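Student: My questions concern the predicted model and sequence given below.
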Amino acid sequence: MPKILIVDDQRNMRTTLAMMLRGGGYEVEEAPDGEQGSVRGATEAFDVVLTDLRMGNKDGIDVLRAIKEAHALTEVIVMTAYGTIESAVDAMRLGAFDYIQKPFTEQELLVKVGKAVESRRLAGEVALLTREFQDRYKFENIVGRSAAIRDVLGRIVRVAPTDTIVLITGESGTGKELVAKAIHANSKRKNRPFVPVNCAAITETLLESELFGHARGSFTGAVSARKGLFEEADGGTFFFDEIGETPLAFQAKLLRVIQEHEVRRVGENKPTKVDVRIIAATNQDLMPAIAEKRFRQDLYYRLNVARFQLPPMRERMEDLPELLGHFLAKYNKLMGVKARFDDRVTESLQQYGFPGNVRELEHMVEQAVALVQTGTIHPDDLLPHANAPAEPARPRGAGRSLAETVDAAERGAIEEALRDSDGNRERAAELLGVSPTTLWRKMTRLNVSYEPKG
């Protein structure tokens, strides 16, 4: 039940207001003057404070200031008599939600209080979500003490307060989105939206409409005008994951958005101004893509202002014990259990190469905690292949290049997905977490073909 405080030095007025509000379903407390109203409003929790403007030593403005200083989310409505409208306007400039002029009806009172209660509820939800967001993505949650991670944290501290465009590179599963969220949560835009988009998961035909919006009737199915995600992110941060998967035509339009700070909805000629910070991420080396004319060089240099290269798990194995403890605590709490690791687990995993990086390690721990529930997690309780030793490192200059190794891994993953889907490209793309267009492009580049059985 919403809780209301009435502050008025006239007893009859307080009694009448209390009866009206209790009849409207509210819990009501009373304060006989501005001094007590200021103290109670600042020390107790109320959804709305209804205060008279003209009182003795402490008036409604004093009550408003005391409450807003102690509880910024509490809404205040000031009651005014004829001739004090200017003071009511001043109160609203100081943070009052609204004013109501005497004499007023019960209906007028309940409508204004109802709106204030709803505003307080929504503000409370937003504050809670913002606090959870910041707690979850603060720097301490980027776990590790290795030199590589300390370097990442130091750069976040320097870059986050600015509006500098950021490019985050690294293998899949290294925590690129986590770093992007940490940058946002520690920026001046932290109370505005963080909008992530996985470019590989949206088809080329929908990408422009999703990001820029569209006018009514601009294409089949556009039954009404729609804001794009850029407009939804106005004032906040826009995160492009897998930016290397975008088509060239879209890259040209994105470059214009970055340079002109405006978007143009599909089917409209009039541009709309947007204020967003751009953070992009990719698991590709974009230089070969530029050489092959698959990625625009001018867009690359526009994005590559502040560069974060995230290390793979195999290059930060000293962080393994801390990461294991972090994920174990997380999933013990989520599942309500008290599992623990056998002393041999860390040593066993030190021999593993982690092709899926930190994400793979987290999934290993989650599965182990779910299956073991209580007691001790032994090396054999983790995924079977986790205990297999990593392939011996090749000497420098020997064997395949990094590009060849990546191509071989992609080719193998595509062929496996095609076998599992019996040649159905849409299903294979779904299994791989990419769009059908991206899959077709990769199959063409890697010369992969598959004929379904029969």
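Tutor: It's in. Numbers count the residues shown, from 1 in each chain.

Student: and the residue nearest the centre of the chain, what is it in contact with?
Tutor: What sits nearest the mean C-alpha location of the chain, by Cα atoms, centre = their mean, is Phe194, with 4.6 Å. Listed by Cβ atoms under 8 Å, 6 or more residues apart in numbering, the contact partners of Phe194 are Phe133, Ala180, Lys181, His184, Ala185, Ala233, Gly236, Thr237, Phe239. For every residue, glycine as well, the C-beta is placed using N, CA and C.

Student: Quick one: name whatever helix or strand follows the host helix or strand of the second one.
Tutor: It refers to Ala180. Here Ala180 sits within helix 176-185, counting by DSSP states H and E. The element immediately downstream of helix 176-185 (helix or strand, assigned by DSSP H and E) is strand 194-198.

Student: any idea of the mean pLDDT for that next one?
Tutor: Across strand 194-198, the average pLDDT comes to 91.

Student: What is the helix holding Ala180 packed up against?
Tutor: Applying 3 or more Cβ pairs under 8 Å, 6 or more residues apart in numbering; DSSP states H and E, one finds that helix 176-185 makes contact with helix 106-136, helix 147-159, strand 166-169, strand 194-198, strand 237-241, strand 277-282.

Student: Find the residue closest to Glu69 in space, skipping its chain neighbours.
Tutor: Of all residues not flanking Glu69 in the chain, Ala42 sits nearest, at 7.1 Å (Cβ to Cβ, 6 or more residues apart in numbering).

Student: where does the one you found fall, helix, sheet strand or coil?
Tutor: Taking DSSP: H, G, I helix; E, B strand; the rest coil as the rule, one finds Ala42 in the helix state.

Student: Would you confirm that it contacts His71?
Tutor: Yes. Shown here, Ala42 and His71 form a contact pair, counting by Cβ atoms under 8 Å, at 7.1 Å.

Student: Those two: which has the busier surroundings?
Tutor: Higher neighbour count among Ala42 and His71: His71, with 19 against 16, using other Cβ atoms under 10 Å.

Student: Tell me the pLDDT of the more buried one.
Tutor: 82.

Student: Looking at the contacts of Phe194, which gets the smallest pLDDT?
Tutor: Within the contacts of Phe194, pLDDT is lowest for Phe133, at 53.

Student: residues near Ala70, how many?
Tutor: Ala70: 14 neighbours (other Cβ under 10 Å).

Student: residues in contact with it?
Tutor: Counted by Cβ under 8 Å, 6+ apart, Ala70 has contacts Gly41, Ala42, Thr43.

Student: can you rerun that using 7 Å?
Tutor: Ala42 (Cβ atoms under 7 Å, 6 or more residues apart in numbering).

Student: again, but for the one 10 residues further on
Tutor: Residues near Thr80 by Cβ under 7 Å, 6+ apart: Leu53, Ser87, Ala88, Tyr99, Gln101, Lys102.

Student: Asp98 versus the spatially closest residue to it that is not a sequence neighbour, what's the distance?
Tutor: Closest residue to Thr80 apart from its sequence neighbours, by Cβ to Cβ, 6+ apart: Ala88 at 4.4 Å. Here the distance between Ala88 and Asp98 works out to 9 Å (Cβ to Cβ, to the nearest Å).

Student: Helix or strand: which one has the nearest residue to Gly41 once chain neighbours are set aside?
Tutor: Using Cβ to Cβ, 6+ apart and skipping the chain neighbours, the partner closest in space to Gly41 is Ile67 (4.0 Å). Using DSSP H and E, Ile67 sits within helix 60-70.

Student: what is the rounded mean pLDDT of the very next helix or strand once past that helix?
Tutor: Where DSSP H and E defines the elements, the next helix or strand beyond helix 60-70 is strand 75-80. In this model, strand 75-80 has a mean pLDDT of 91.

Student: following strand 75-80, which helix or strand comes up?
Tutor: Downstream of strand 75-80 (by DSSP H and E), the next one is helix 85-93.

Student: Go through that following helix and flag the buried ones.
Tutor: Ser87, Ala88, Ala91 (16 or more other Cβ atoms under 10 Å).

Student: Including pLDDT and distance to Arg14, could the residues you listed go into CSV?
Tutor: As requested, the buried residues of helix 85-93 are arranged in CSV below (pLDDT from 0 to 100; distance: Cβ to Cβ, whole Å):
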residue, pLDDT, distance to Arg14
Ser87, 77, 20
Ala88, 78, 19
Ala91, 84, 19
